[in-house]
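Asker: here is my input, please return the structure:
(chains A, B, C and D)
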There are 2 protein chains.
Amino acid sequence: MEQNQIPQATAKRLPLYYRFLNNLNHQGKKRVSSKELSEAVKVDSATIRRDFSYFGALGKKGYGYNVEYLLGFFRKTLDQDEVTEVALIGVGNLGTAFLHYNFMKNNNTKIVKAFDTNIEKVGTDIGGVPIFHIEELEENMKGVSVAILTVPANEAQTITDRLIDYGVSGILNFTPARITVPEKIRVHHIDLAVELQSLVYFLKHYPLDL
Amino acid sequence: MEQNQIPQATAKRLPLYYRFLNNLNHQGKKRVSSKELSEAVKVDSATIRRDFSYFGALGKKGYGYNVEYLLGFFRKTLDQDEVTEVALIGVGNLGTAFLHYNFMKNNNTKIVKAFDTNIEKVGTDIGGVPIFHIEELEENMKGVSVAILTVPANEAQTITDRLIDYGVSGILNFTPARITVPEKIRVHHIDLAVELQSLVYFLKHYPLDL
DNA sequence: ATCATATTGTGAAATAAATCACGACGTATC
DNA sequence: GATACGTCGTGATTTATTTCACAATATGAT
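Answerer: Next up is the predicted model:
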């Protein structure tokens, strides 16, 4: 579990930096300054320098950062060499979108199993991911410790309880339900309706600039 | 544009509160304490009280909050009576998921138009939303000031530029690209790969509790 | 009525994160 | 190699958000 002095806000930005560094590397760019990176990822350059500095002195004054070096560093830091296997629960429209989404491109995470109640889907695969029946969740979860939850809201808690009994340690919850879990389990909520509604709220109530 | 002393963090939670209050109301519950609500939405009760207090004294000591009153109050505050029309750009898997998603249920936002390049989709509708060709974006955007962007990353900036020229004021960007916009335009990024990757990072690097 | 209990609303404190601003130092040029 | 320039790394500051903790007060039971 190692050193944990990195602020959460920084940790959330790391995957973003990683992806953009990958892009730069593919473009053949050898160096990048915090200012350039700032324009690409839309994060203040001082924030980027501060973020990087938690990992030590990665850049050179007057030069910037060596793209390849930084990339190699982040690959290790983000455990890019070790693939995390993920299960997807609920193959509806949103779930299907994930199955088609190629997370692996710049990424260390891979959806390896999907589950649904619809008999017509069970036994098939989408985007190369086999679909099992939810009743057989436990038998087929082997080695998977992270789940993406894209089931109807009213089933969210029931499935969550089973995932936790099974031993999952992280859940990415796309349902509008706020699930209850033991404190050892980490849950990230992404609530699409709330995101849209809060954007609309900001537009109506906050000054147009800034 | 009115009073804007509400912290952004609070504003982001308002739609969430609203939805849960709606649920409670449907369940016939007449009163709710910050503690109960806290358990439901997973937000600290002191934070909830503080959030509500920005709008004045909405509760009663020793009693809690009257569900119906609070709901009515938020309906006005969140402009629930006035529907915001939204366009969806890019009818791929993720876009399709949105079209099937019934935002209107507890919500003042409605996807009224969709756009795609695929001729086979153009002219049809999904979830009651008509699909137009992206070439006819400008002709069909009438009255729409918010767009959900679910196109391939490499098209994100081009479409964004057109949306802005047209006069859109808010964009919910689901592409991995960080789009560049004038400062008057509000963009919310939701980066699915980053969300998954940062969950995995937290699991590996942060203490299991807290 | 009285009293025990519940729960708000909020000052004050704590925590977290972003930003400023600049000295130090490496690079590039002549 | 001296000089001008660019960019990092970071101490200090500012801003934002959460949390503590408790006086004030309404409720509900007897």
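
Asker: give me the number of neighbouring residues for A:Q8.
Answerer: Neighbourhood size, A:Q8 [other CB atoms under 10 Å in any protein chain shown]: 11. No exception for glycine: its C-beta is placed from N, CA and C like everyone else's.

Asker: now do the one 4 residues further on
Answerer: Here the count is done by other CB under 10 Å, and A:K12 has 18 residues near it.

Asker: show me where chain A has strands.
Answerer: Assigned by DSSP state E, chain A shows strands spanning A:31-32, A:65-66, A:84-89, A:109-116, A:125-126, A:129-133, A:146-149, A:170-173, A:186-189.

Asker: pick the most deeply packed of these.
Answerer: With neighbours defined by mean count of other CB atoms under 10 Å in any protein chain shown, none of the strands of chain A is more surrounded on average than strand A:146-149, at a mean of 25.

Asker: and the strands of chain A as a markdown table, adding distance to B:S198 and mean pLDDT?
Answerer: A markdown table is the format used below for those (distance: least, CB to CB, whole Å; pLDDT from 0 to 100):
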| stretch | distance to B:S198 | mean pLDDT |
| --- | --- | --- |
| strand A:31-32 | 22 | 95 |
| strand A:65-66 | 21 | 96 |
| strand A:84-89 | 12 | 95 |
| strand A:109-116 | 10 | 94 |
| strand A:125-126 | 25 | 94 |
| strand A:129-133 | 22 | 97 |
| strand A:146-149 | 12 | 97 |
| strand A:170-173 | 10 | 97 |
| strand A:186-189 | 8 | 95 |
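
Asker: now those in TSV, with distance to chain B?
Answerer: As requested, the strands of chain A are arranged in TSV below (distance: least, CB to the nearest CB, whole Å):
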stretch	distance to chain B
strand A:31-32	15
strand A:65-66	18
strand A:84-89	5
strand A:109-116	5
strand A:125-126	10
strand A:129-133	13
strand A:146-149	6
strand A:170-173	5
strand A:186-189	5
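
Asker: what does chain A put close to DNA strand D?
Answerer: A:33-35, A:45-46, A:49-50, A:52-53, A:57-65 (CB under 7 Å from any atom of the strand).

Asker: A:T160: what's it in contact with?
Answerer: A:L149, A:I171, A:N173, A:I179, A:T180, A:V181 (CB atoms under 8 Å, 6 or more residues apart in numbering or on different chains).

Asker: same thing with A:G64?
Answerer: By CB under 8 Å, 6+ apart, the residues touching A:G64 are A:R31, A:V32, A:S33, A:S34, A:E36.

Asker: partner residues bridging the nearest residue to the last one once chain neighbours are set aside?
Answerer: Counting by CB to CB, 6 or more residues apart in numbering or on different chains, A:E36 lies nearest to A:G64, which is 7.6 Å off, once chain neighbours are set aside. With DSSP bridges as the criterion, A:G64 is bridged to A:K60.
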